[in-house]
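S.K.: Using only what follows, build the 3D model:
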Amino acid sequence: MSETSGKPPVPPAKPSAADFEQVAAQGESKVAAFDASHRGGLASLQHFLHANPTMVPVLVLAVSVAVFGLMLGSRFFSPQTLNFILQQVTIVGIIGVAQTLVIVTAGIDLSVGAIMVLSSVVMGQFAVNLGLPTPLAIVCGLAVGLGCGCINGFLVAKLKLPPFIVTLGTWSIFLAANFIYSANETIRARDIGEAAPLLQFFGTTFRLFGATFTYGAVLMVALVVVVFYILNNTAWGRHVYALGDDADAARLSGISTTRTLISVYAVAGLICGLAGWALIGRIGSVSPTSGQEANIQSITAVVIGGTSLFGGRGSVFGTLIGALIVGVFAMGLRIWGTDPQWTQLTVGALIILSVAADQWIRKVSA
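M.R.: Numbering: from 1, shown residues only. This is a model prediction of the structure:
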């Protein structure tokens, strides 16, 4: 018998947590290496765009600017052209921010244009015809926008009505209220300039680097930056994305989906009120018939900007770029001397291509 036969066998050492982590890391690295080596160029592009959806409109904008620049030369690359493009997209860009918030929740708001015009009419009527202090009139107009948004949010979140049907109905109601209250009369720019020049503030221009800009364009950019920060760096923003991605999962994780959805429509209404103030500065007057196509134009900017109509994905920066794409096409084709209908045809094609690209990107393999 050997000397060690009388000793009990030594049990093998138990693996530590570090050993498990090392094995898991090795397995993950092998899987990652396998996936990367077998992923083709098209699949890699699909994964990249899925992780960076804003890159699609950025590429489209860059190509559009390059093409029109080559065709038109200095007629396109001029400070005056840049000023015209920014003025053209200011209102659409502001309304597009409101529309982005709603579409990220997998909804849609067809009443944004009507809320904007109603808010501008209230500001003008209160300041010019009723003689209220202009700041108070502006606050009242913003409150109208906020109230209209709360109505939309209550009907969608509390009564569980489809957003398309709700906002289609409120679009008609808000538009009718606008015509009834204003008696379909326009408040002239001269009257506003004499009684309430603050209403025209966002139409005021200033020069920078040889180009002329309006404070309305500054408002649009500032609003995009603020909303982008809120969506990406606050709990409310994360709740909004979670709600659009999967409402049931968001509810099970403890998010108050009803409250979040109402707040989204309320904030969208408030932004539409700001757009109403900017609209007065843009056209100089208060017209109940202005902004009739703002709802369609805002949806166009949002879709071309890469925000998914199915919710959960999108960026207000993408919406701004989408609005700029439409502005670049409109201005480039106008300088080129084409019929205005070609702009509508091009924008329509861009919408279809954007939705098709979104569908393709969403099918990315896990």
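
S.K.: in the stretch 151-300 of the chain, which spans are strands?
M.R.: Under the criterion DSSP state E, counting those that start in this stretch, strands of the stretch 151-300 of the chain are mapped to 205-208, 211-214.

S.K.: Tell me which of the ones you listed is the most buried.
M.R.: strand 211-214 (a mean of 18; mean count of other C-beta atoms under 10 Å). Yep, even glycine has a C-beta here, placed from its N, CA and C like the rest.

S.K.: outside of that strand, which residues touch it?
M.R.: Contact with strand 211-214 is made by 79-80, 82-83, 86-87, 90, 202-207, 281-282, as judged by C-beta atoms under 8 Å, 6 or more residues apart in numbering.

S.K.: cool, stretch 60-68 as well?
M.R.: Contact with stretch 60-68 is made by F76, I304, I321, L324, I325, V328, F329, G332, I335, W336, L350, as judged by C-beta under 8 Å, 6+ apart.

S.K.: pLDDT on that stretch, on average?
M.R.: Per-region confidence: stretch 60-68 scores 89 on mean pLDDT.

S.K.: How about stretch 248-259?
M.R.: In this model, stretch 248-259 has a mean pLDDT of 94.

S.K.: same check, this time on stretch 289-302
M.R.: Per-residue scores along stretch 289-302 average to 89.

S.K.: Go through that stretch and flag the buried ones.
M.R.: Neighbour-count burial for stretch 289-302, counted by 16 or more other C-beta atoms under 10 Å, picks out S290, G291, A294, N295, Q297, S298, I299, T300, A301, V302.

S.K.: now do stretch 48-58
M.R.: Within stretch 48-58, the residues scored as buried using 16+ other C-beta under 10 Å are L49, P53, T54, V56, P57, V58.

S.K.: ok, the closest residue to the last one other than its chain neighbours - contacts?
M.R.: Taking C-beta to C-beta, 6 or more residues apart in numbering as the measure, V58 lies nearest to I321, with 6.0 Å between them; neighbours along the chain are not counted. Residues touching I321, when contacts are defined by C-beta under 8 Å, 6+ apart, comprise T54, P57, V58, L61, G305.

S.K.: Which of those fall within helices?
M.R.: The members of the contacts of I321 that map onto helices under DSSP state H are P57, V58, L61.

S.K.: measure the last one to V225 for me?
M.R.: The spacing between L61 and V225, counted by C-beta to C-beta, to the nearest Å, is 18 Å.

S.K.: The two: who's more crowded?
M.R.: Neighbour tally, L61 and V225, criterion other C-beta atoms under 10 Å: the higher count belongs to L61, 19 against 13.

S.K.: Compare the contacts of strand 211-214 and tell me which is most surrounded.
M.R.: Counting neighbours by other C-beta under 10 Å, T90 comes out on top of the contacts of strand 211-214 with 28 neighbours.

S.K.: Backbone dihedrals for that residue, both of them.
M.R.: The phi and psi values for T90, taken as degrees, to the nearest 10, are phi -60, psi -50.

S.K.: okay, it: pLDDT?
M.R.: In this model, T90 is scored at 94, pLDDT.

S.K.: ok, and the closest non-adjacent residue to it?
M.R.: Among residues not flanking T90 along the chain, G216 sits closest, at 4.5 Å (C-beta to C-beta, 6+ apart).

S.K.: burial count for V63?
M.R.: Neighbour number of V63 under other C-beta under 10 Å is 11.
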